[in-house]
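Colleague: 3D, please:
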Amino acid sequence: MVDWASVRGRAGTWPQGGRALAWTPPRVPDISRWLARRLAPWIAAEVAPGRLMPWLPVTFGAGIAVYFTADREPAWWAALALAAALAGAAITARRRPIAFPLVLGGAAIAAGFATATLRTLALDHAVLRAPAYNVTLSGFVESREEREKTDRIVVRLHAIDAPRVDGQLERVRLSVKKRTAPPVGSYISLAARLSPPLQPLRPGGYDFARDLYFHGIGASGFAAGAIALQPPPEERGLRLRFASFVEGIRATVDARIRATIPGDAGAIASALLTGKRDALTSELNDAMYISGIGHVLSISGYHMAVVAGIVFFVVRALLALIPALALRRPIKKWAAFAALVMATLYLVLSGAEVATQRSYIMTAIVLFGVMVDRPPLTFRSLSVAALAVLMLGPEALVHPSFQMSFAATLALIALYQHGLPWMAAPADTSWGARIALWGVRGVVALILASLVAGLATTPYAAYHFHRLAPYGVLANLLAMPVVSAVVMPAGILGLLALPFGFDAPCWQVMKLGIDWMDAVALWVASLPGAVGHMAAFSPGVLALGTVGLLVGCLLRTPLRLIGAAILLIACVLALRTVQPDVMVASSGDSFAVRGPEGRFQVIKLGNDAFAIREWLAADADARSDPRALAAAVKAREGFICDDAGCVARLMGGGLVAIATSPAAFADDCARAALVLTTRAAALGCGATVIDRAASRQGGALTLRWVGNGWEVTATRPRGEARPWAAGGGGVARVESPKSGAATQRDATPRAEDLGVDD
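Modeller: Predicted structure coming up:
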């Protein structure tokens, strides 16, 4: 037998550093101290002077996001008082190293909330609440758009004759026949049919009405007759006269380009220079977005950067040819000023849309940094640009273009500041080696930039458009160098040569580059698996992904790996989002039922095909393509119909009945788990019933089978009251059975239940 006491005694005589008999795990306090020693320097580096500046627009934007999630419109005085109180607290705590950044962050959140509240208050205008027919209106044309099949104008109303319109509408957006849109600045009168601004097509979907509200538009519709030009009853304002002048220049440039470059190439050339991008054929337009280069069609940060970069490079190169200037004058600053002037002219010529304004602000800050000897592209510059944009238009935060452009810019700055230190060649490298090295590095940098920008914008493209571009990097690598080196320079030269009449060769060169880009888009769109679909997920998941992106890009220490973990969690949650079983349009006459095969069976009893297309796209269904959608709607696949209504089987085995006649209620209430009707709901029905009043009151509805009943989600929840939402919120009437027995009874329907009654 082993004498353990003697062994322990001998162990005490062993020399230090000998082999241990056993491993003892560290105690919890030891681990906490180890983590504290590790984390302390990282946290200190992240909160060092100047490091918290990029988080200021983040917290400001968070306050704006909180504003848009409110059920009712906040009181402006309460929002302003809270922001003032927290701002005072931040000033008081400015000498406290821990309390100050925390209170300042709270003040920034309150300031964002107050800014959005005051912005809505300043824009307060009437919104049409119900459709209006035989409306006679007159006013000034403020803008016009050319589209593939129709044109569209925005009219600032001077007078309106409509008995059902409550309040004085300020602006309406009207569709008119192709090539009949009057010029900007003209005074017109016409008859029109008006509808309330389009509400979200599903709960959590994009709010078109909110977008129109912040543009001052209270109704949309179409012209019901001829448009008459009339003498204006009052003098046009300075703003409208300037808009008319700019529109005349845009129309002249557009006409000259179209005369030289016909077809889609001319439409794209005009879109790049004048912002008139709506005349593109649907086939090429879809190919551009499927391939991942559709961003070229919308004037954004890329276009501004290319225009400013070309002017900066050319002006600086020309000035460098004059030794007296190159040696004694700050020609770099002069070139930056010239680029800023050209970017301003480009902003005006392109129509100065909201997305273009944001791009201009970012470009102007970068060029101003060059003029005052500041680093041109840093997180600080991006922060100032984001704050400027959000203060001028807080509604931009919820727009896809803002989210995608700033996400891409943030990721690119993080890449070039932290991820590519090898991009700068050593100073003692020979010119030949530097040129060769630049070529390799340029190609690698372009690949990485395309990959990083594509990954950064993917969550937002998936959330808003339910579309992914698997070959986006390939398409951008093939197309964007040609756009940057051929298309845009030729376009700028064409604009400069246009007044002198020598612009035609420039447009032809521009066409060559556009033809290449179109060929790339069509080829990539035809590749197997080129169309990537993504099912809808909640705004909370998108917000979580945004937090992960911010943490991963803004932090410098290994703590930024937390951002990657957050992004991974967001991706898992997005993929695991539970999709609805039934969809009901706000019009109450279009429905989708998830059938036994797991995909939606759609039926349209009215004219709401747009809603069905959005539902299928949000369900990652390839039938959202217009041609496939038309075939699916026409076939009524999965529905069996007669003169009284239709019946479809649910994925779980129950039945959904669509009653179009009062005679259908008796059988439908006895057999179905859910009855959808375009009429008033039948009282005493044994199944859950949703009628047209319910969908009209609560907007589009989603239903999901949970336990022994239906969970109904409305686009406008009960109690919601925002100035851009037409009508009250909440589901007006949902007739449910007294207990779950009747509904549960139909979980295993009889075979004859799917037959058509004689």
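Colleague: Every contact and neighbour count from this point should use C-alpha atoms.
Modeller: Noted.
Colleague: where do the strands sit along the stretch 401-550 of the chain?
Modeller: For the stretch 401-550 of the chain, the strands defined by DSSP state E, counting those that start in this stretch cover 467-468, 532-533.
Colleague: Tell me which of these sits most buried.
Modeller: strand 467-468 (a mean of 24; mean count of other Cα atoms under 10 Å).
Colleague: So which residues of the stretch 51-200 of the chain form helices?
Modeller: 55-68, 76-92, 99-122 (DSSP state H, counting those that start in this stretch).
Colleague: got the contact list for A320?
Modeller: Applying Cα atoms under 8 Å, 6 or more residues apart in numbering, we find A320 in contact with A326, I331.
Colleague: The closest residue to T409 other than its chain neighbours and G563: what is the separation?
Modeller: Nearest residue to T409, sequence neighbours excluded (Cα to Cα, 6 or more residues apart in numbering): A453, at 7.4 Å. Going from A453 to G563 by Cα to Cα, to the nearest Å gives 16 Å.
Colleague: With just CA atoms, put the longest strand along the chain into CSV.
Modeller: Counting residues, the longest strand in the chain under DSSP state E turns out to be strand 132-146. Extracted in CSV, the C-alpha atoms of strand 132-146 (Å, rounded to 0.1, in the frame of the first residue of the first chain):
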residue,chain,number,x,y,z
ALA,A,132,-61.4,60.9,-54.3
TYR,A,133,-62.8,60.7,-57.8
ASN,A,134,-63.6,63.5,-60.3
VAL,A,135,-61.2,65.9,-58.6
THR,A,136,-60.4,69.2,-60.4
LEU,A,137,-57.1,70.7,-59.4
SER,A,138,-54.7,73.4,-60.5
GLY,A,139,-51.2,74.3,-59.5
PHE,A,140,-47.6,74.6,-60.5
VAL,A,141,-45.5,71.7,-61.7
GLU,A,142,-42.6,71.3,-59.4
SER,A,143,-40.9,68.2,-60.9
ARG,A,144,-41.3,65.7,-63.6
GLU,A,145,-40.0,62.1,-64.2
GLU,A,146,-39.9,60.0,-67.4
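Colleague: contact partners of that strand?
Modeller: 151-162, 164-165, 178-179, 181-195, 224, 240, 243, 276-279.
Colleague: And that strand, what's buried?
Modeller: 132-133, 135-146 (16 or more other Cα atoms under 10 Å).
Colleague: Pick the one among these closest to A414.
Modeller: E145 (37.4 Å; Cα to Cα).
Colleague: Who does that closest one form a beta bridge with?
Modeller: Beta bridges link E145 to R152 when assigned by DSSP bridges.
Colleague: how near is it to G275?
Modeller: According to Cα to Cα, E145 and G275 sit 10 Å apart.
Colleague: Check L567 too.
Modeller: L567 sits 35 Å away from G275, going by Cα to Cα.
Colleague: Could you do A81 as well?
Modeller: Note on A81: its distance to G275, by Cα to Cα, is 41 Å.
Colleague: likewise L527?
Modeller: Computed as Cα to Cα, the L527 to G275 distance reads 30 Å.
Colleague: So between the two, which is more surrounded?
Modeller: G275 (25 against 11; other Cα atoms under 10 Å).
Colleague: Let me see the contact set for the more buried one.
Modeller: Taking Cα under 8 Å, 6+ apart, we find G275 in contact with S298, I299, L349, S350, G351.
Colleague: on that earlier part again, my guess is the residue nearest to T409 meets A414, correct?
Modeller: No - applying Cα atoms under 8 Å, one finds A453 not in contact with A414, separated by 10.7 Å.
Colleague: ok, the residue nearest to T409 - contacts?
Modeller: A453 makes contact with A407, A408, T409, A411, L412 under the criterion Cα under 8 Å, 6+ apart.
Colleague: per-residue confidence at it?
Modeller: As predicted, A453 sits at a pLDDT of 84.
Colleague: ok, residues contacting stretch 44-51?
Modeller: L52, L555, R556, T557.
Colleague: can you check stretch 220-228 too?
Modeller: Residues contacting stretch 220-228 (Cα under 8 Å, 6+ apart): 134, 172-176, 188-197.
Colleague: Any of those buried? List them.
Modeller: Buried members of these, counted by 16+ other Cα under 10 Å: 172-176, 188-197.
Colleague: Make a markdown table from the contacts of stretch 44-51 and add pLDDT, distance to L674 and neighbour count to it.
Modeller: Shown next, in a markdown table, are those (pLDDT from 0 to 100; distance: Cα to Cα, whole Å; neighbours: other Cα atoms under 10 Å):
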| residue | pLDDT | distance to L674 | neighbour count |
| --- | --- | --- | --- |
| L52 | 83 | 54 | 15 |
| L555 | 89 | 51 | 23 |
| R556 | 86 | 55 | 17 |
| T557 | 85 | 55 | 14 |
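Colleague: of those residues, closest to R636?
Modeller: Looking across the contacts of stretch 44-51 and measuring by Cα to Cα, the closest to R636 is L555, at 52.8 Å.
Colleague: Any chance of the backbone angles for that closest one?
Modeller: Dihedral pair for L555: phi -80, psi 150, per degrees, to the nearest 10.
Colleague: Provide a list of residue ranges in this protein with pLDDT below threshold.
Modeller: 1-30, 164-167, 277-279, 354-355, 375-377, 419-444, 681-683, 726-758 (pLDDT under 70).
Colleague: Break it down into its structural domains.
Modeller: 55-122, 132-235, 399-468, 539-575, 582-754 (automatic domain parsing).
Colleague: Which among those is found nearest to R38?
Modeller: Checking those against R38 by Cα to Cα gives domain 539-575 as the closest, at 10.5 Å.
Colleague: Tell me how many other residues crowd G237.
Modeller: 10.
Colleague: what does A228 give?
Modeller: A228: 12 surrounding residues under other Cα under 10 Å.
Colleague: how close does it sit to G699?
Modeller: 36 Å.
Colleague: repeat for I31
Modeller: The value you get for I31 to G699, if Cα to Cα is used, is 54 Å.
Colleague: For those two, indicate the residue with more neighbours.
Modeller: Neighbours per residue (other Cα under 10 Å) separate I31 from G699, with G699 holding more: 33 against 12.
Colleague: and the residue nearest in space to the middle of the chain, what does it touch?
Modeller: Nearest residue to the geometric centre of the chain (Cα atoms, centre = their mean): P400, 1.5 Å. P400 makes contact with Y460, A461, H464 under the criterion Cα under 8 Å, 6+ apart.
Colleague: re the thing from before, could you dump the helices of the stretch 51-200 of the chain into a markdown table with distance to N285 and mean neighbour count added?
Modeller: Putting those into a markdown table (distance: least, Cα to Cα, whole Å; neighbours: other Cα atoms under 10 Å) gives the following:
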| stretch | distance to N285 | mean neighbour count |
| --- | --- | --- |
| helix 55-68 | 31 | 22 |
| helix 76-92 | 43 | 16 |
| helix 99-122 | 34 | 22 |
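Colleague: May I ask which two of the contacts of stretch 44-51 are separated the most?
Modeller: For the contacts of stretch 44-51, the farthest-apart pair by Cα to Cα is L52 and T557; their separation is 13.7 Å.
Colleague: so is L280 in a helix, a strand, or just coil?
Modeller: Counting by DSSP: H, G, I helix; E, B strand; the rest coil, the backbone at L280 sits in coil.
Colleague: ok, for K177, nearest residue in space, not its chain neighbours?
Modeller: K177's closest residue in space is T150 (Cα to Cα, 6+ apart), at 5.2 Å.
Colleague: try M510
Modeller: Per Cα to Cα, 6+ apart, closest to M510 is V487, 4.6 Å.
Colleague: show me what contacts that neighbour?
Modeller: Contacts for V487 (Cα under 8 Å, 6+ apart) come out as V509, M510, K511, L512, G513, I514.
Colleague: for those residues, which one is nearest S695?
Modeller: Closest to S695, out of all of the contacts of V487 and judged by Cα to Cα, is I514, at 45.9 Å.
Colleague: that older thread, pipe the helices of the stretch 51-200 of the chain into CSV and attach distance to G266 per row.
Modeller: Output for the helices of the stretch 51-200 of the chain, formatted as CSV (distance: least, Cα to Cα, whole Å):
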stretch, distance to G266
helix 55-68, 39
helix 76-92, 48
helix 99-122, 39
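Colleague: closest one to Y213 among those?
Modeller: Between Y213 and the helices of the stretch 51-200 of the chain, the shortest gap by Cα to Cα is with helix 99-122, which sits at 8.9 Å.
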